[in-house]
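Engineer: just the structure for this:
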Amino acid sequence: MSVVKSTLPESAQKVVGQALQSTLVDLLGLSLIGKQAHWNIVGPRFRSIHLQLDEVVSTARTFSDTVAERSAALGLPPDGRPETIAATCTLPGPKDGWLKDTEVVQVIVDALEAAIGRLRERIAATDEADPVTQDLLISITAELEKQRWMFDAENWPRDN
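Structural biologist: Numbering: from 1, shown residues only. Below is the predicted model:
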(Lines give C-alpha, C1' and ligand atoms only; values in the text may rest on other atoms or scores of the structure.)
Protein backbone atom coordinates (compact mmCIF):
# COMPACT_ATOMS: atom_id res chain seq x y z
CA MET A 1 0.00 0.00 0.00
CA SER A 2 1.33 3.42 -0.94
CA VAL A 3 -0.19 6.28 1.02
CA VAL A 4 2.33 8.93 -0.01
CA LYS A 5 3.34 9.11 -3.65
CA SER A 6 7.08 9.30 -4.12
CA THR A 7 8.70 12.02 -6.19
CA LEU A 8 11.50 9.59 -7.03
CA PRO A 9 11.50 7.11 -9.89
CA GLU A 10 10.97 3.53 -8.77
CA SER A 11 14.60 2.59 -9.45
CA ALA A 12 15.82 5.33 -7.11
CA GLN A 13 13.28 4.53 -4.40
CA LYS A 14 14.92 1.22 -3.55
CA VAL A 15 18.43 2.69 -3.22
CA VAL A 16 17.23 5.70 -1.24
CA GLY A 17 14.87 3.63 0.91
CA GLN A 18 17.68 1.26 1.92
CA ALA A 19 20.05 4.15 2.63
CA LEU A 20 17.52 6.02 4.77
CA GLN A 21 16.32 2.92 6.66
CA SER A 22 19.81 1.70 7.51
CA THR A 23 20.79 5.24 8.56
CA LEU A 24 17.71 5.41 10.78
CA VAL A 25 18.68 2.12 12.44
CA ASP A 26 22.27 3.31 12.99
CA LEU A 27 21.14 6.63 14.47
CA LEU A 28 18.60 5.05 16.82
CA GLY A 29 21.18 2.43 17.78
CA LEU A 30 23.77 5.14 18.40
CA SER A 31 21.35 7.01 20.67
CA LEU A 32 20.76 3.83 22.68
CA ILE A 33 24.48 3.08 22.91
CA GLY A 34 25.09 6.64 24.10
CA LYS A 35 22.38 6.44 26.75
CA GLN A 36 23.58 3.05 28.00
CA ALA A 37 27.09 4.46 28.40
CA HIS A 38 25.67 7.67 29.94
CA TRP A 39 23.89 5.72 32.67
CA ASN A 40 26.79 3.38 33.47
CA ILE A 41 29.95 5.48 33.23
CA VAL A 42 32.27 5.68 36.23
CA GLY A 43 35.69 7.23 36.69
CA PRO A 44 37.48 10.53 37.16
CA ARG A 45 36.11 12.01 33.92
CA PHE A 46 32.55 10.93 34.71
CA ARG A 47 30.91 14.36 34.56
CA SER A 48 32.50 15.69 31.38
CA ILE A 49 31.96 12.48 29.41
CA HIS A 50 28.48 12.01 30.90
CA LEU A 51 27.50 15.42 29.52
CA GLN A 52 29.29 14.82 26.22
CA LEU A 53 27.29 11.62 25.76
CA ASP A 54 24.10 13.68 25.95
CA GLU A 55 25.34 15.66 22.93
CA VAL A 56 25.81 12.48 20.90
CA VAL A 57 22.39 11.16 21.94
CA SER A 58 20.70 14.47 21.10
CA THR A 59 22.43 14.62 17.71
CA ALA A 60 21.48 11.02 16.89
CA ARG A 61 17.86 11.49 17.95
CA THR A 62 17.46 14.75 16.04
CA PHE A 63 18.94 13.30 12.87
CA SER A 64 16.92 10.08 13.23
CA ASP A 65 13.76 12.17 13.13
CA THR A 66 15.01 14.07 10.08
CA VAL A 67 15.91 10.83 8.31
CA ALA A 68 12.55 9.20 9.12
CA GLU A 69 10.69 12.27 7.89
CA ARG A 70 12.73 12.34 4.68
CA SER A 71 11.82 8.72 4.10
CA ALA A 72 8.12 9.38 4.75
CA ALA A 73 8.18 12.42 2.45
CA LEU A 74 9.42 10.15 -0.32
CA GLY A 75 6.62 7.65 0.25
CA LEU A 76 8.94 5.17 1.95
CA PRO A 77 7.61 4.24 5.42
CA PRO A 78 10.40 4.39 8.03
CA ASP A 79 10.71 1.55 10.54
CA GLY A 80 12.00 2.57 13.94
CA ARG A 81 10.25 -0.14 15.94
CA PRO A 82 12.30 -1.54 18.83
CA GLU A 83 12.29 -5.04 17.33
CA THR A 84 13.63 -3.66 14.04
CA ILE A 85 16.46 -1.81 15.78
CA ALA A 86 17.29 -4.85 17.92
CA ALA A 87 17.34 -7.17 14.90
CA THR A 88 19.26 -4.94 12.48
CA CYS A 89 21.58 -2.63 14.43
CA THR A 90 25.17 -3.83 14.11
CA LEU A 91 27.05 -0.93 15.69
CA PRO A 92 29.52 -2.00 18.37
CA GLY A 93 28.13 -1.23 21.80
CA PRO A 94 29.14 -1.30 25.43
CA LYS A 95 29.34 -4.36 27.61
CA ASP A 96 26.88 -4.96 30.41
CA GLY A 97 27.34 -3.15 33.73
CA TRP A 98 29.54 -0.29 34.87
CA LEU A 99 31.93 1.19 32.33
CA LYS A 100 35.21 2.94 33.04
CA ASP A 101 35.39 6.39 31.50
CA THR A 102 38.20 5.22 29.21
CA GLU A 103 36.06 2.29 28.01
CA VAL A 104 33.16 4.62 27.27
CA VAL A 105 35.34 6.86 25.14
CA GLN A 106 36.54 3.90 23.08
CA VAL A 107 33.04 2.42 22.72
CA ILE A 108 31.69 5.73 21.42
CA VAL A 109 34.64 6.28 19.07
CA ASP A 110 34.16 2.76 17.68
CA ALA A 111 30.39 3.16 17.28
CA LEU A 112 30.77 6.54 15.59
CA GLU A 113 33.48 5.22 13.24
CA ALA A 114 31.27 2.32 12.20
CA ALA A 115 28.29 4.61 11.59
CA ILE A 116 30.44 7.09 9.64
CA GLY A 117 31.89 4.34 7.46
CA ARG A 118 28.43 3.12 6.54
CA LEU A 119 27.20 6.66 5.94
CA ARG A 120 30.03 7.22 3.48
CA GLU A 121 28.91 4.12 1.56
CA ARG A 122 25.34 5.45 1.49
CA ILE A 123 26.55 8.84 0.31
CA ALA A 124 28.16 7.16 -2.69
CA ALA A 125 25.07 5.01 -3.32
CA THR A 126 22.65 7.95 -3.33
CA ASP A 127 24.72 10.19 -5.60
CA GLU A 128 22.66 9.45 -8.73
CA ALA A 129 19.49 8.22 -7.05
CA ASP A 130 18.71 11.32 -4.96
CA PRO A 131 21.12 14.21 -4.38
CA VAL A 132 18.77 15.65 -1.73
CA THR A 133 19.06 12.53 0.40
CA GLN A 134 22.77 12.44 -0.32
CA ASP A 135 23.07 16.00 1.01
CA LEU A 136 21.27 14.99 4.20
CA LEU A 137 23.62 12.03 4.66
CA ILE A 138 26.62 14.31 4.12
CA SER A 139 25.36 16.66 6.85
CA ILE A 140 24.87 13.78 9.27
CA THR A 141 28.35 12.46 8.50
CA ALA A 142 29.94 15.85 9.16
CA GLU A 143 28.28 16.10 12.57
CA LEU A 144 29.12 12.53 13.57
CA GLU A 145 32.73 13.08 12.50
CA LYS A 146 32.84 16.13 14.76
CA GLN A 147 31.48 14.06 17.65
CA ARG A 148 34.00 11.28 16.93
CA TRP A 149 36.84 13.79 16.94
CA MET A 150 35.74 15.20 20.30
CA PHE A 151 35.60 11.75 21.88
CA ASP A 152 38.83 10.63 20.24
CA ALA A 153 40.57 13.67 21.72
CA GLU A 154 39.69 12.22 25.14
CA ASN A 155 42.09 9.35 24.32
CA TRP A 156 45.10 11.68 24.50
CA PRO A 157 47.85 10.87 25.29
CA ARG A 158 47.88 7.59 23.46
CA ASP A 159 50.08 4.66 24.32
CA ASN A 160 50.75 4.00 20.62
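Engineer: quick one: buried residues of the longest helix along the chain?
Structural biologist: Secondary structure of the chain read by DSSP state H shows that its longest helix is helix 10-40. Within helix 10-40, the residues that count as buried by 16 or more other CB atoms under 10 Å are 12-13, 15-17, 19-38, 40. For every residue, glycine as well, the C-beta is placed using N, CA and C.
Engineer: in this structure, what spans have low per-residue confidence?
Structural biologist: Of all residues in the chain, those with pLDDT under 70 make up the ranges 1-2, 158-160.
Engineer: centroid-nearest residue for it?
Structural biologist: With distances taken as CA atoms, centre = their mean, the residue of the chain nearest its centroid is Leu27 (2.8 Å).
Engineer: might you report the residue contacts of that one?
Structural biologist: Contacts for Leu27 (CB atoms under 8 Å, 6 or more residues apart in numbering) come out as Ala60, Arg61, Phe63, Ser64, Val67, Ala115, Ile140.
Engineer: repeat for Leu112
Structural biologist: For Leu112, the residues meeting the contact criterion (CB under 8 Å, 6+ apart) are Leu30, Val56, Leu144, Glu145, Gln147, Arg148, Phe151.
Engineer: quick check: closest non-adjacent residue to it.
Structural biologist: On the basis of CB to CB, 6 or more residues apart in numbering, the spatially nearest residue to Leu112 that is not a chain neighbour turns out to be Arg148, at 3.9 Å.
Engineer: number of residues surrounding that neighbour?
Structural biologist: 19 (other CB atoms under 10 Å).
Engineer: now it: how far from Ala60?
Structural biologist: Distance, Arg148 to Ala60, using CB to CB, to the nearest Å: 12 Å.
Engineer: and Asn40, by the same measure?
Structural biologist: Counting by CB to CB, the gap between Asn40 and Ala60 amounts to 18 Å.
Engineer: just Arg70 next, same as before
Structural biologist: Arg70 sits 15 Å away from Ala60, going by CB to CB.
Engineer: comparing the two, which residue is more hemmed in?
Structural biologist: Ala60 (27 against 21).
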